[in-house]
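Novice: structure of the sequence below:
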Amino acid sequence: MKSIVIFILLTIFISSCSSKNPLEKVLDADLQQITTIIQDPEKYEVQIIYSQIDRDETGKIHFTDYKYYPSDSVYFYPASAVKFPVALMALEKLEKLQQKGIQIDRQSYFKTENDTIYTTIEKAITEIFAVSDNKAYNKLFEFLGQDYINSSLASKKIKGRISHRLSTANGYALATQPIIFKKKIKDSSILYTQASITNTKQQKLQLKKIIKGVGFIQNDTLIHKPMDFSVRNYIPLQSLHDIMKRVHFPELYSKNERFNINKENLEFVQQAMKTLPYQAGYDKNEYYDGYVKFFMYGDTKEEIPKHIEIYNKVGYAYGYLTDCAYIKDTKNDIEFIVSATLHVNKNQIFNDDTYEYDTIGIPFLAELGKQIHTLEKKRKQ
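Specialist: Numbering: from 1, shown residues only. Next up, the predicted model:
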C-alpha cells in the first residue's frame, strides 16, 4: 500500500512539473536571488512578461508569451522607463516637422528658453539609453508636451499616461518652454522656433495600489502618511513590452499602431538602445557595462560579452526597479524579450534613498535574465 501511495505522489509531482510553462520553471530555480522574491510576490509587487521568439521557414516571426502577475490596473512607478516611448515620439515628431518643410534633423542643435546648453535629439536619445539621463529626457519632454505624448500613446493603442518631467522643480508644469533649433550653436540664424505649448491638466489615476507605504520624505521632513502616486507617470509593464515589440518587429503592427519613423531613425534608436556607457563617452569605471542593463549583468561590473546584445530601457526610483529588454545572443542564435518590475522598499518609507536595489532587486533581475537565457539555449539545441 505504501509503495502505491509513493507511486501516486511521484506521478502527480512529475505531471505537475511537466505542465509548468517555461517562465514558471525559471521561477522554480532554487536560487536565493529568485526564491526571495517568488516566496512573497505580493510584497515585492513583482510582474514579469517573457516572449519566446521563433521564426518559421519564411522568416516570419512568432511570439509565445508567458506572464507572471502582470496587471494594467495595479500601479507601479515606472520611473525612467517612460523615457523609452518619449525617445521614439521625439523622432516621430521630428519627421512630421520635416514633412512640413522644416529643415531640422536629429543632429540639429536645440535648447529651451531657460537653458544655456544646446543639445541634439540624437545626443539626448543616446544619453537616455546609455545612462538614463534625466536632463536629456526633460529636454525631449519640452519638445513634445504632455498632450502630444498621451495622444500618441492612445492612437497606437498603448495604455499609459505620462504627466511629468523627472527630477526638476517644474516637473508638472503644463506649459512647455519655447525651443529654438539651429544648424550650428554659434550660428545666429535659427532653423525653427517652437512656441510654448499649454497642455491639459491630467486627471488623477484610478488604479489599485495607487496609495503606497507608511510615510515619505518631503523637504527633509518625514511625513507620516502613505504616498499618493495618482498624479504621477503611469505605463503598465504590458505597454513597455509591446513597445519593445513595435521597435524591433514593426512589420507585425498596423501603420497606426507603429512608431512611424523611417528606417534610418529606427536603426539609430535600436543602436542607441544597446549602446554601453563607455561607447557613448562615459567613464567606464563609474558607468560599467551593466549600469543600466539589469537583466543578466546588473549584478556585476564585468564586461558584457560582444555576442550578447541587450536593447533595453530601465527605470528605478522610490524602490521600484523595472527593465524591458530585447536580448540577442548572436553566438548561440538566441533572441527573446523580457520585461519585469518589482518593488524593494522594506521600511515602506518613500524618498529616503533606503532601498534594497543592490541586495535584492537587481540580483533578482540579473538572475532572471540569466535563467531565461539558459532556458533559451536548451530550447534552441
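Novice: flag the shaky bits of the stretch 1-150 of the chain, pLDDT-wise.
Specialist: For the stretch 1-150 of the chain, applying pLDDT under 70 flags the ranges 1-18.
Novice: how deep is the residue nearest to residue 75 when sequence neighbours are not counted tucked in, by neighbour count?
Specialist: Distances taken as C-beta to C-beta, 6 or more residues apart in numbering place residue 207 nearest to residue 75, at 4.3 Å, with adjacent residues excluded. C-beta coordinates here come from the backbone N, C-alpha and C atoms, glycine included. When neighbours are counted by other C-beta atoms under 10 Å, residue 207 registers 17.
Novice: equivalent analysis for residue 333, please.
Specialist: Residue 333 has 10 neighbouring residues, counting by other C-beta under 10 Å.
Novice: show me what the one helix or strand residue 374 maps to packs onto, helices and strands only.
Specialist: For residue 374, the host element (DSSP states H and E) is helix 362-380. Packing partners of helix 362-380 (3 or more C-beta pairs under 8 Å, 6 or more residues apart in numbering; DSSP states H and E): helix 22-27, helix 32-38, strand 47-55, helix 294-297, strand 320-329, strand 334-343.
Novice: that helix vs strand 47-55, what angle?
Specialist: Comparing the axes of helix 362-380 and strand 47-55 via axes from the mean of the first three to the mean of the last three C-alpha atoms, to 10 degrees yields an angle of 30 degrees.
Novice: return the distance of helix 362-380 from the chain's centre.
Specialist: Using C-alpha atoms, centre = their mean, to the nearest Å, the mean C-alpha position of helix 362-380 is found 18 Å from that of the whole chain.
Novice: in it, what's buried?
Specialist: Within helix 362-380, the residues scored as buried using 16 or more other C-beta atoms under 10 Å are 362-373, 375-376.
Novice: swap in stretch 107-122?
Specialist: Neighbour-count burial for stretch 107-122 flags 108-112, 118-122 (criterion: 16+ other C-beta under 10 Å).
Novice: next up, the contacts around residue 307.
Specialist: By C-beta atoms under 8 Å, 6 or more residues apart in numbering, the contact list for residue 307 reads 329-332.
Novice: repeat that for residue 313.
Specialist: By C-beta under 8 Å, 6+ apart, the residues touching residue 313 are 80-81, 83-84, 128-129, 132, 240, 273, 323-325.
Novice: residue 208 pairs with what?
Specialist: residue 74 (DSSP bridges).
Novice: thought residue 74 was touching it, still the case?
Specialist: Yes: taking C-beta atoms under 8 Å as the definition, residue 208 is a contact partner of residue 74 at 4.7 Å.
Novice: more neighbours, these two?
Specialist: Between residue 208 and residue 74, residue 74 has the larger neighbour count (other C-beta under 10 Å), namely 15 against 9.
Novice: most neighbours out of the contacts of residue 313, which is it?
Specialist: residue 81 (30 neighbours).
Novice: skipping adjacent residues, who's closest to that residue in space?
Specialist: residue 315 (3.4 Å).
Novice: go on, residue 312?
Specialist: Nearest residue to residue 312, sequence neighbours excluded (C-beta to C-beta, 6+ apart): residue 325, at 3.5 Å.
Novice: isn't the one you found up against residue 295?
Specialist: Yes: between residue 325 and residue 295 there is a contact under C-beta under 8 Å: 5.2 Å.
Novice: hey, what's in contact with both of these two?
Specialist: Listed as contacting both residue 325 and residue 295 by C-beta under 8 Å, 6+ apart are 310, 312, 338, 369.
Novice: could you count how many residues lie near the residue nearest to residue 81?
Specialist: Residue 315: 26 surrounding residues under other C-beta under 10 Å.
Novice: can I get the contacts of residue 313 in a markdown table with secondary structure and distance to residue 41?
Specialist: Below are the contacts of residue 313 laid out as a markdown table (DSSP: H, G, I helix; E, B strand; the rest coil; distance: C-beta to C-beta, whole Å):
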| residue | secondary structure | distance to residue 41 |
| --- | --- | --- |
| 80 | helix | 23 |
| 81 | helix | 20 |
| 83 | helix | 27 |
| 84 | helix | 25 |
| 128 | helix | 30 |
| 129 | helix | 29 |
| 132 | coil | 26 |
| 240 | helix | 19 |
| 273 | helix | 28 |
| 323 | strand | 17 |
| 324 | strand | 19 |
| 325 | strand | 21 |
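Novice: which residues of the stretch 101-250 of the chain fall in strands?
Specialist: 109-112, 119-120, 179-182, 192-194, 211-212, 215-218, 221-223, 227-228 (DSSP state E, counting those that start in this stretch).
Novice: closest to residue 47 out of those?
Specialist: With C-beta to C-beta as the measure, strand 211-212 is the member of the strands of the stretch 101-250 of the chain nearest residue 47 (15.2 Å).
Novice: pairing partners for that closest one, with directions?
Specialist: Strand 211-212 has these strand partners (DSSP bridges): strand 227-228 (antiparallel).
Novice: nearest to residue 358, of the contacts of residue 313?
Specialist: Nearest to residue 358 among these, with distances taken as C-beta to C-beta, is residue 323, at 14.8 Å.
Novice: which residue, other than its chain neighbours, is closest to that closest one?
Specialist: Nearest non-adjacent residue to residue 323 (C-beta to C-beta, 6+ apart): residue 294, at 4.2 Å.
Novice: please apply the same query to residue 68.
Specialist: residue 48 (4.0 Å).
Novice: on the strand side of things, show who that neighbour bridges to.
Specialist: The partner residues for residue 48, given DSSP bridges, come to residue 68, residue 340.
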